[in-house]
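S.K.: Quick one: sequence plus predicted model below, questions after.
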Amino acid sequence: MANKIRFDGRVAVITGAGAGLGRVYALELAKRGAKVVVNDLGSARDGSGVGAAAPADTVVKEIKAMGGEAVPNYDNVAITEGGENIIKTAISAFGKVDILINNAGILRDKSFVKSDRENWQIVIDVHLTGAFNVTRPAFINMKDNGYGRIVMTTSAAGLYGNFGQTNYSAAKMGLVGFMNTLKLEGAKYNIKVNTIAPVAASRLTEDVMPPDMLQKLKPEFVAPLVLNLCSENCNDSGYIFNCALGYYNRAAMVTGAGAVVGNGTDIPSPEDVAAQWKKITSLEGGKEFSQVGDQLMDVMSKFS
Ligand code: NAI
């Protein structure tokens with residue numbers, strides 16, 4: 001059996017930890033020794049309403065009742081100062097940040113034609129800009145300490161698409177791009193950045209899935225994978241994982257072998273490209289690139 005995963009001496013910040021998935025991560029990390037900052041704005045499911053202390057306080061109480069250490073924070077991740085305050089809370093209570101889970105989220109679903117700028121902006125602000133606002137001050141502290149574990153929360157809606165969620169899908173895929181570069185910048189400081197695409201019963205999904213399915217999809221099933229990504233043993237960075245029930249798998253951006261059309265000197269015609277369409281669209285022999293330079297070398301190698 002693998003060694004027990006522990007977080008003694010580690011400080012974890014979890015955004016949106018007053019409910020749903022974030023609450024479960026907070027409890028599970030605390031059970032295994034982490035000191036936890038439980039951030040939650042306590043707004044409505046669509047991000048409206050004034051913030052409430054109750055969700056964060058309730059989770060802090062739960063952690064303390066089982067003998068763990070935790071402090072609440074009620075800042076809004078969508079605001080620059082909010083992100084700074086969340087990390088300040090961790091540093092003033094526990095001295096540092098080792099683990100950050102960007103989890104806070106809202107929904108404003110509408111078919112694209114019915115959507116508007118406000119619904120677009122607030123979803124981008126909470127999910128994508130929110131992750132930036134918290135990650136930047138956390139990353140600076142992690143870099144100074146030479147250690148960090150960051151988890152982003154994307155969604156299958158972003159990875160694969162979901163009707164009525166253009167704003168959410170864009171924000172969630174933005175987080176994947178954010179991770180792709182942050183993993184490179186964190187590498188020499190032992191900062192690992194990974195992303196999860198969970199599926200779980202929560203306030204966000206209560207009216208989008210049938211009750212029998214929701215009953216099975218306990219958020220507790222997502223936490224074991226997340227705890228692995230938060231652990232010292234995690235050597236992977238830049239990975240995306242689907243997690244739901246007891247099923248975990250990796251998703252990736254894969255690039256097909258494609259077709260070389262022409263000789264790299266003469267410009268091919270659109271008809272030349274059309275003639276190779278099958279090969280161009282095929283993912284057979286597909287591979288992953290870990291940074292843009294590798295992909296560019298691959299292009300150049302076809303003509304060297
Ligand atoms: P939830 O609604 O139960 O929890 C999200 C928490 O974030 C709430 O307690 C809310 O008050 C808090 N929050 C919202 N805006 C905030 C802000 N600006 N600042 C601070 N806190 C804020 O939802 P759930 O399902 O636990 O979602 C967690 C994350 O997982 C979200 O990022 C969501 O998009 C993502 N996700 C969830 C899926 C699911 O099946 N539940 C599917 C795919 C992604």
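M.R.: Everything's here; your move.
S.K.: shaky segments in the stretch 201-304 of the chain?
M.R.: Judged by pLDDT under 70, the stretch 201-304 of the chain has no weakly predicted residues.
S.K.: If you count neighbours, what's buried in the longest helix belonging to the chain?
M.R.: In the chain, with assignment by DSSP state H, the single longest helix is helix 166-186. Using 16 or more other Cβ atoms under 10 Å as the test for burial, helix 166-186 gives 166-176, 178-180, 182-184, 186. Glycine gets a C-beta too; all of them are placed from N, C-alpha and C.
S.K.: and if you look at stretch 133-142?
M.R.: For stretch 133-142, burial by neighbour count (16+ other Cβ under 10 Å) applies to 133-135, 137-139, 141-142.
S.K.: how close does residue 182 sit to the ligand?
M.R.: The gap separating residue 182 from the ligand is 17 Å, by Cβ to the nearest ligand atom, to the nearest Å.
S.K.: now swap in residue 281 and tell me
M.R.: Counting by Cβ to the nearest ligand atom, the gap from residue 281 to the ligand is 28 Å.
S.K.: so that residue touches residue 257, yeah?
M.R.: No: applying Cβ atoms under 8 Å, one finds residue 281 not in contact with residue 257, separated by 11.1 Å.
S.K.: okay, these two: which has more neighbours?
M.R.: residue 257 (14 against 10; other Cβ atoms under 10 Å).
S.K.: where does that one fall, phi/psi-wise?
M.R.: Note on residue 257: backbone dihedrals following degrees, to the nearest 10 are phi -70, psi -30.
S.K.: And the one 10 residues further on, by the same measure?
M.R.: In this entry, residue 267 is assigned phi and psi values of phi -70, psi 130 (degrees, to the nearest 10).
S.K.: Count residues in the vicinity of it, would you?
M.R.: Residue 267 is flanked by 8 other residues according to other Cβ under 10 Å.
S.K.: quick revisit: what pairs with the following helix or strand past the longest helix of the chain, parallel or antiparallel?
M.R.: Next helix or strand after helix 166-186 toward the C-terminus (DSSP states H and E): strand 191-198. Pairing partners of strand 191-198, with direction, according to DSSP bridges: strand 148-153 (parallel), strand 240-244 (parallel).
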